[in-house]
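>>> Using only what follows, build the 3D model:
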Amino acid sequence: MTRISPWIEAMRLRTLPVSVAGVLAGAAMAVAYGKFSLCVAIACFVFAVLAQIASNFANEYYDFVGGLDRRGREGPRRGVTEGDITPRAMIIATLATLAVACCVGLYIAFVGGWWLIAVGIAVAIGVFAYSAGPYPLSHHALGEVAVLVFFGIVPVNFTFYVMADQMEWPVFAVSIAIGLMGANVLIVNNYRDHDDDKSVGKRTLAVAFGRKAAAALYLINGLVAAAILATVFLLWKDGQESLWFLAIPAVYVVAHLRIFLMLISRDGALLNPLLGMTSVLMFAVALAMVVAIAIV
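Numbering: from 1, shown residues only. The predicted structure is shown next:
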């Protein structure tokens, strides 16, 4: 294994479309309102991806320190646990990545208003609160809630706000839908790791309520997200335009059901590809919004 490979694995590339999708959806809504800014979009993309990578690094570091990871786990290889990356190198990388994200965030605050620094601070706290602190969210069945907020509500609404200098109800509704899709990525992760997490006392949602409940929530989240998008498109768009947009949640539901059936029929490492499928499907919805808005 090359020296760079453990770091690439630690970034968890399969899940990065989650952060990109939130920004893309916010940018799509800005296009719809005639407020799009390419420079702001790029800055938001970079900030979101760096913040997610920092969170992934922090999660790996603190799970190792807390004794919550073990060698040979079913999920992606953990570089720190396997001895490929030293704990010191990982925490330095976490802080460095977050520092770069904060620098990008200063540009976003310069454009959208300095009060947005408070939002950036909240994101930075979230990076560590997910895995560390006196009450780690991921250890108390709150990881999915954190994803809903930080990968749905925050990126969609604030990407739009920095460009448009306003808040709109369709944007907020879309942010909930995107957040539910993002939460499903974590559900797949925790569904797969149920036995490992339970053995070390990590109380994820899947551990707290069981794998069947986690799978059911995965199904419900996707259906609710699709229903929200369909409702937004029906109320927000008129006539022929709404038909174009309704195709997005319709296709999403078909793909979502397909992944759900694979979820409940697989176990262990066979679930790993579903992480990528779920995150890419979320990204595809946001991208489809951009395309639909551009051509209608």
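>>> Any figure for the gap between Leu217 and Val111?
Noted for Leu217: a distance of 37 Å to Val111, by C-beta to C-beta, to the nearest Å. Where C-beta positions appear, they are placed from N, C-alpha and C, glycine not excepted.
>>> Same check on Ser279?
For Ser279, the distance to Val111 - C-beta to C-beta - is 28 Å.
>>> Looking at the two, which one has more neighbours?
Ser279 (26 against 16; other C-beta atoms under 10 Å).
>>> So that one sits against Val18, correct?
Yes: applying C-beta atoms under 8 Å, one finds Ser279 in contact with Val18, separated by 5.0 Å.
>>> Can you check which residues contact both of these two?
Jointly contacting Ser279 and Val18 under the rule C-beta atoms under 8 Å, 6 or more residues apart in numbering are 182, 185.
>>> any idea where the helices of the protein begin and end?
For the chain, the helices defined by DSSP state H cover 4-11, 17-32, 38-65, 87-112, 116-129, 143-148, 154-164, 169-192, 194-199, 205-209, 211-236, 240-263, 272-295.
>>> is it possible to export these to JSON lines including mean pLDDT and distance to Leu137?
Formatted as JSON lines, those follow (pLDDT from 0 to 100; distance: least, C-beta to C-beta, whole Å):
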{"stretch": "helix 4-11", "mean pLDDT": "86", "distance to Leu137": "20"}
{"stretch": "helix 17-32", "mean pLDDT": "94", "distance to Leu137": "16"}
{"stretch": "helix 38-65", "mean pLDDT": "92", "distance to Leu137": "11"}
{"stretch": "helix 87-112", "mean pLDDT": "94", "distance to Leu137": "16"}
{"stretch": "helix 116-129", "mean pLDDT": "93", "distance to Leu137": "6"}
{"stretch": "helix 143-148", "mean pLDDT": "95", "distance to Leu137": "5"}
{"stretch": "helix 154-164", "mean pLDDT": "96", "distance to Leu137": "15"}
{"stretch": "helix 169-192", "mean pLDDT": "96", "distance to Leu137": "11"}
{"stretch": "helix 194-199", "mean pLDDT": "88", "distance to Leu137": "14"}
{"stretch": "helix 205-209", "mean pLDDT": "95", "distance to Leu137": "11"}
{"stretch": "helix 211-236", "mean pLDDT": "94", "distance to Leu137": "16"}
{"stretch": "helix 240-263", "mean pLDDT": "90", "distance to Leu137": "23"}
{"stretch": "helix 272-295", "mean pLDDT": "92", "distance to Leu137": "19"}
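>>> between those, which gets nearest to Gly79?
Among these, the nearest to Gly79 by C-beta to C-beta is helix 4-11 (3.4 Å).
>>> gap between Ala227 and Leu257?
Between Ala227 and Leu257 the distance is 14 Å, computed by C-beta to C-beta.
>>> meant to ask about Gly113, not that
Distance, Gly113 to Leu257, by C-beta to C-beta: 42 Å.
>>> do Leu263 as well
From Leu263 over to Leu257 the distance is 10 Å, taken as C-beta to C-beta.
>>> More neighbours: those two, which one.
Remark: of Leu263 and Leu257, Leu263 carries more neighbours, 23 against 13, as counted by other C-beta under 10 Å.
>>> ok, that one - contacts?
Going by C-beta under 8 Å, 6+ apart, Leu263 touches 188, 191, 215, 218, 271, 274.
>>> can you put these in CSV and add distance to Thr94 and neighbour count?
Output for the contacts of Leu263, formatted as CSV (distance: C-beta to C-beta, whole Å; neighbours: other C-beta atoms under 10 Å):
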residue, distance to Thr94, neighbour count
Val188, 24, 26
Tyr191, 26, 25
Ala215, 32, 17
Tyr218, 29, 27
Leu271, 26, 18
Leu274, 27, 23
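>>> Closest to Gly120 out of those residues?
When the contacts of Leu263 are ranked by distance to Gly120 (C-beta to C-beta), Val188 comes first, at 28.6 Å.
>>> Spit out the contact partners of that closest one.
Contacts of Val188 (C-beta under 8 Å, 6+ apart): 218, 263, 271, 274-275, 278.
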